[in-house]
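K.L.:
From the sequence below, what's the structure:
(chains A and B)
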Number of protein chains: 2
Amino acid sequence: MKEPFLDNSEGQLFLTEAFKVIIEEVLCKGTDVKEKVCEWREPEELAALLDLELRENGEPQHQLLQRIRDVAKYSVKTNHPRFFNQLFAGVDYHALTGRFLTEALNTSQYTYEVAPVFVLMEDEVLSKLRSLVGWAEGDGIFCPGGTMSNMYAMNVARYRAFPEVKLKGLWSLPRLAVFTSQQSHYSVMKAAAFQGIGTENVFKVKVDDRGCMIPEDLGETIELAKSQGAVPFFVHATSGTTVQGAFDPLEPIADICDRQGLWMHVDAAWGGSVLFSKEHKHLMRGVERADSVTWNPHKMMLTGLQCSAILLKDTTHLLKHCHSADATYLFQQDKFYDSSLDTGDKSIQCGRKVDCLKLWLMWKAVGSKGLEERVDRAFAHTRYLVEEMKKREENIFFSHFYLTYENSPDYNDRLSKVAPVIKERMMKQGTMMLGYQPQGGRVNFFRMIVISPQLSHQDMTFCLNEIERLGNDL
Amino acid sequence: MKEPFLDNSEGQLFLTEAFKVIIEEVLCKGTDVKEKVCEWREPEELAALLDLELRENGEPQHQLLQRIRDVAKYSVKTNHPRFFNQLFAGVDYHALTGRFLTEALNTSQYTYEVAPVFVLMEDEVLSKLRSLVGWAEGDGIFCPGGTMSNMYAMNVARYRAFPEVKLKGLWSLPRLAVFTSQQSHYSVMKAAAFQGIGTENVFKVKVDDRGCMIPEDLGETIELAKSQGAVPFFVHATSGTTVQGAFDPLEPIADICDRQGLWMHVDAAWGGSVLFSKEHKHLMRGVERADSVTWNPHKMMLTGLQCSAILLKDTTHLLKHCHSADATYLFQQDKFYDSSLDTGDKSIQCGRKVDCLKLWLMWKAVGSKGLEERVDRAFAHTRYLVEEMKKREENIFFSHFYLTYENSPDYNDRLSKVAPVIKERMMKQGTMMLGYQPQGGRVNFFRMIVISPQLSHQDMTFCLNEIERLGNDL
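P.N.:
Have a look, this model is predicted:
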């Protein structure tokens, strides 16, 4: 038997060659405004192009490098300045460096023994995020995404209210009720289903025109739930809704939670990063009164997927009590160091990826000030975009469509079909990517994500012009 | 305002410099048998060395590069040939390349629109894993770790038995019962707690001397649960237990599940990769009769954290029905392509990291044959290790300890203290890393992980000699 099976230096050489391809194809071309955002192919065609099948025998290195080029070519360039499609648009090179380092070090966050640097680092990063929330102490952990963070909050809240649930399950409890706005993220429903609470026990609170929860209706909905025999325990507010970017009014919500003795959770997966900004943090006024906060730096802060923190005000180790299983093979009590450093039992996961390093390295690189500038810059771009849109209004936007169908009885029906067609055209031409959806009484409209620090006013203007160009004949 | 805020080429230059550091410090030194596995520091000392604090202002690039060196220096070298501590030991350079590419492309796996390559690729990889299980069709998804995969299984099983649970919660159901062996992974308990079932409703089935579930006791335990008024719905078998590496006998367990109409889940997070090997796959005989299988290629296959699949035999879209929330902003029904390609609603997550590429690229590189060789090689090493240990026995191992305390009434007590001391010494000297724990009647013993293809017989011999050396005076 050949020993070793795979030579390290040979492997490192391949990685180095591949790195050059990544720099060239994904990062240089992928951020070049003259290149396409996506290279659309129909699924059958793409499958044939990629030759995805896994076979008995391996392939030579040069063929693998070509595969890497192909994967890059046909993947969407989420780092591209014209990718406005999702909340993780854009690239930060310091964070990306942190991600490469994380992958190379390949460890799990659960014990000090195997992740000494990252146990201490996670603690520092979480503590800094908490201080922006307004808490001098507390608890927290990084989770694989905002939905998981929201699930943690619901579970810990349930445990605080009814600790027996861990042992005995929900049968030992009265029927529970959860409250959230009509425009909160769908993870609330997923959490309720997954945790055995049931989606029917999620009570939706009305929102105002801007998509913000109406506190008076929260009060009434709580009474409604009670009158139906359910026991309220958890209010899920949102700072930055997914579609409209609305910030629920946290102060009056906190008043209600206080009065009723309910756990107040703030899902700030999207909006949390406004806390970096002196100018914009007022949007989350009252957040320090919450019991828990979800915050995804992989969104507005561009750390890359995944980087989501659940932060808790609690100082009684609720997180650990709620989730612990005391595995003897990981959390030995006769360790030679202080085993309270082993954070694994705070998590519902066993192995857990290191998600703090990318954020830490980026933060070290630009400082809190640099992060603040980014937030302010994103808001400034958005303001510019809104002003530009106002200038144009419908007399420019889709004038053909408007003049043709203005008085048509099926105006709304026809209008709802405009966005999907424009979307198809932009993707097939690869000029930009932008999401659309209906909401409430509104038919399909575009949702534009503006966060990347590399964006310019020109990119905003381009986007408006491009929508006009693509929808010109509709 | 300076536009753009951060220059792409400047960022790429930094990344390239950092890449060189990663190659040198993490990969060259980190896999060099002459270098230390870990550079142990007490937490306070390490915190001071690393200067983790996040401040208002950023730092210059050369200082950041030094920070990367420091992070690498004080992190555990899980790629090192003398790291036997965890189930993710070792490095595969093709997989690592896939991970870097994944990070650079930074997308979410939820829609074909934003992840066309990875939607198709995940499908191919899952289908190939399923075919190794013995299923020509079925379903599945990658999850952030084995615990999450196991949770998916429990949730889908519950939904199949009682679909009303999604809407109405557990209050609409009778008290449920879950069955697993005494030596199964602690994630079963975590899942039961998190999903509202309660840890008390997890019934532990006895194991034999080798740690394998005793099927007769499963039958009896099911009757016991019924006699207590609980309704059995889920049997969680294990292929490759965490500590002893035991494989539960799947055929007789499947017989019982068939007879009782229970969902059979196989947690093959650790052991699943034996299915690559014609010589060893008999360990999982009967797995094709299961309803679901958890399989973590990030363990024996060295793809790096995280790479965990939940595989289902189901062809009725249970996974989607169970987890869907139909978010209109992601899963528009008026898309211009076949929206059944959007897999996001199979997941309980929203954003989901791409975990298939690293496995796919490695598989393309070495083929199924190459993966089979690795499994066979790991077993061969283990066999060699066992034979070497038998040759030595206690007359060599810790002869001092044995001769001194052989007839001592507190022999076991004293013996239990040996492993922690040896562990402390190996870590402080940085010569290797190896985990220990007690189990059942056995006091602390070492658990050695042998999977890396770069390992040699010499590494096995080293490990035994080193334990002797470190415990020589005890």
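K.L.:
Hmm, A:Leu173 is touching A:Lys166, no?
P.N.:
No. Counting by C-beta atoms under 8 Å, A:Leu173 stays clear of A:Lys166, with 11.1 Å between them. In short, each C-beta sits where N, CA and C put it, glycine included.
K.L.:
Let's test this: name the helix or strand in chain A with the lowest mean pLDDT.
P.N.:
Least confident helix or strand of chain A, by mean pLDDT, DSSP states H and E, is helix A:399-405 with a mean of 72.
K.L.:
buried sites along that helix?
P.N.:
Residues of helix A:399-405 classed as buried by neighbour count (16 or more other C-beta atoms under 10 Å in any protein chain shown): A:Phe401, A:Tyr405.
K.L.:
Kindly report the same for stretch A:298-315.
P.N.:
Buried residues in stretch A:298-315, counted by 16+ other C-beta under 10 Å: A:298-314.
K.L.:
again with stretch A:154-163
P.N.:
Using 16+ other C-beta under 10 Å as the test for burial, stretch A:154-163 gives A:Met154, A:Asn155, A:Val156, A:Ala157, A:Arg158, A:Tyr159, A:Arg160, A:Ala161, A:Phe162.
K.L.:
okay if I get those residues as a markdown table plus pLDDT?
P.N.:
Formatted as a markdown table, the buried residues of stretch A:154-163 follow (pLDDT from 0 to 100):
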| residue | pLDDT |
| --- | --- |
| A:Met154 | 98 |
| A:Asn155 | 98 |
| A:Val156 | 98 |
| A:Ala157 | 98 |
| A:Arg158 | 98 |
| A:Tyr159 | 98 |
| A:Arg160 | 98 |
| A:Ala161 | 98 |
| A:Phe162 | 98 |
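K.L.:
pLDDT weak spots in chain A?
P.N.:
Scanning chain A for pLDDT under 70 picks out A:1-6, A:394-400.
K.L.:
What residue spans form the domains of it?
P.N.:
Domain ranges of chain A: A:32-38+A:76-106+A:356-473, A:108-353, per the TED database.
K.L.:
so after the least confident helix or strand of chain A, what's the next helix or strand?
P.N.:
Sequence order places helix A:411-416 as the next helix or strand after helix A:399-405, per DSSP states H and E.
K.L.:
Packing partners of that next one?
P.N.:
Applying 3 or more C-beta pairs under 8 Å, 6 or more residues apart in numbering or on different chains; DSSP states H and E, we find helix A:411-416 packed against helix A:399-405, strand A:442-447.
K.L.:
who wins for proximity to A:Phe276 among these?
P.N.:
Shortest distance between A:Phe276 and those, using C-beta to C-beta, is found for strand A:442-447: 22.6 Å.
K.L.:
And the closest one, what's buried?
P.N.:
For strand A:442-447, a neighbour-count test (16+ other C-beta under 10 Å) marks A:Val443, A:Asn444, A:Phe445, A:Arg447 as buried.
K.L.:
Go ahead and confirm the second one touches A:Tyr436.
P.N.:
Read that as A:Asn444. Yes. Counting by C-beta under 8 Å, A:Tyr436 is a contact partner of A:Asn444 at 5.0 Å.
K.L.:
Just list the residues touching A:Val71, thanks.
P.N.:
Residues in contact with A:Val71 (C-beta atoms under 8 Å, 6 or more residues apart in numbering or on different chains) are A:Leu50, B:Leu101, B:Leu105, B:Val117, B:Leu357.
K.L.:
show me what contacts A:Cys257?
P.N.:
Shown in contact with A:Cys257 (C-beta under 8 Å, 6+ apart): A:Val235, A:Trp263, A:Met264, A:Arg289.
K.L.:
and the residue lying closest to the first one once chain neighbours are set aside, how many neighbours?
P.N.:
Across the structure, with C-beta to C-beta, 6 or more residues apart in numbering or on different chains as the measure, the residue nearest A:Val235 apart from its sequence neighbours is A:Phe179 (4.7 Å). Other residues near A:Phe179 come to 29 when the count uses other C-beta atoms under 10 Å in any protein chain shown.
K.L.:
Looking at the helices and strands packed on helix A:411-416, spot the one closest to chain B.
P.N.:
strand A:442-447 (6.8 Å; C-beta to the nearest C-beta).
K.L.:
quick revisit: can you narrow the buried residues of stretch A:298-315 to ones near chain B?
P.N.:
The subset of the buried residues of stretch A:298-315 within reach of chain B, by C-beta under 8 Å from any C-beta of the partner chain, is A:His298, A:Gly304, A:Leu305, A:Gln306.
K.L.:
anything in the longest helix seen in chain A near chain B?
P.N.:
Ranked by residue count and defined by DSSP state H, the top helix of chain A is helix A:357-396. Yes. Helix A:357-396 lies within reach of chain B by C-beta under 8 Å from any C-beta, at A:357, A:360-361, A:363-370, A:373-374, A:377, A:380.
K.L.:
Show me which residues of that helix are buried.
P.N.:
Buried residues in helix A:357-396 (16+ other C-beta under 10 Å): A:357-368, A:370-379, A:381-382, A:385.
K.L.:
Out of the domains of chain A, which is the most enclosed?
P.N.:
Burial of the domains of chain A is given as mean neighbour count (mean count of other C-beta atoms under 10 Å in any protein chain shown); domain A:108-353 ranks first at a mean of 22.
K.L.:
and that domain, how far from the chain's centre?
P.N.:
Centre-to-centre, domain A:108-353 and its host chain are 14 Å apart (C-alpha atoms, centre = their mean, to the nearest Å).
K.L.:
overlap in contacts of A:Asn444 and A:Tyr436?
P.N.:
With C-beta under 8 Å, 6+ apart, A:Asn444 and A:Tyr436 have common neighbours A:Ala419, A:Pro420, B:Gln332.
K.L.:
Give me the three-state assignment for the closest residue in space to the second one that isn't next to it in sequence.
P.N.:
What that stands for is A:Pro420. Nearest residue to A:Pro420 in three dimensions, chain neighbours excluded: B:Asp334, at 4.9 Å (C-beta to C-beta, 6+ apart). Here B:Asp334 takes the coil state, with states given by DSSP: H, G, I helix; E, B strand; the rest coil.
K.L.:
Ramachandran coordinates for B:Asp334?
P.N.:
Main-chain torsions, B:Asp334, degrees, to the nearest 10: phi -110, psi 30.
K.L.:
Do a quick rundown of the strands in chain A.
P.N.:
Remark: strands assigned in chain A by DSSP state E are A:83-84, A:139-143, A:176-181, A:202-205, A:231-238, A:263-267, A:292-295, A:308-312, A:433-439, A:442-447.
K.L.:
quick one, which of the ones you listed is nearest to B:Gly245?
P.N.:
strand A:139-143 (29.3 Å).
K.L.:
one step back: state the pair within the buried residues of strand A:442-447 that is farthest apart.
P.N.:
A:Val443 and A:Arg447 (13.4 Å).
K.L.:
correct me, but the residue nearest to A:Val235 touches A:Leu218?
P.N.:
Yes. Counting by C-beta under 8 Å, A:Phe179 touches A:Leu218, with 6.1 Å between them.
K.L.:
Quick check: neighbours shared by these two?
P.N.:
Shared contacts of A:Phe179 and A:Leu218, counting by C-beta under 8 Å, 6+ apart, come down to A:Val205, A:Val235.
K.L.:
Quick one: residues in contact with stretch A:118-131.
P.N.:
Under C-beta under 8 Å, 6+ apart, the answer for stretch A:118-131 is A:107, A:109, A:111-112, A:137-138, A:140-142, A:272, A:295, A:309, A:311, A:341-343, A:354, A:356-357, A:359-360, A:363, B:43, B:46-47, B:50, B:52-54, B:75.
K.L.:
which outside residues touch stretch A:269-287?
P.N.:
Contacts for stretch A:269-287 (C-beta under 8 Å, 6+ apart): A:87, A:129, A:132-134, A:146, A:149-150, A:185, A:238-242, A:245, A:247, A:249-251, A:253-254, A:266, A:268, A:293-297, A:299-301, A:308, A:368, A:371-372, A:374-376, A:379.
K.L.:
could I have stretch A:195-212 exported to CSV, CA atoms only?
P.N.:
The C-alpha trace of stretch A:195-212 is given here as CSV (Å, rounded to 0.1, in the frame of the first residue of the first chain):
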residue,chain,number,x,y,z
GLN,A,195,-41.1,22.5,17.7
GLY,A,196,-44.5,20.9,18.0
ILE,A,197,-46.4,24.1,18.7
GLY,A,198,-48.4,24.0,15.5
THR,A,199,-48.8,26.8,13.0
GLU,A,200,-52.4,27.4,14.1
ASN,A,201,-51.0,28.6,17.4
VAL,A,202,-49.1,31.4,15.7
PHE,A,203,-51.3,34.5,15.9
LYS,A,204,-50.7,37.1,13.3
VAL,A,205,-50.8,40.7,14.3
LYS,A,206,-51.9,43.4,11.9
VAL,A,207,-49.4,45.8,10.3
ASP,A,208,-49.7,49.4,9.2
ASP,A,209,-49.2,50.7,5.6
ARG,A,210,-45.4,50.6,6.1
GLY,A,211,-45.5,47.0,7.3
CYS,A,212,-44.9,47.7,11.0
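K.L.:
Alright, that wraps it up for me.
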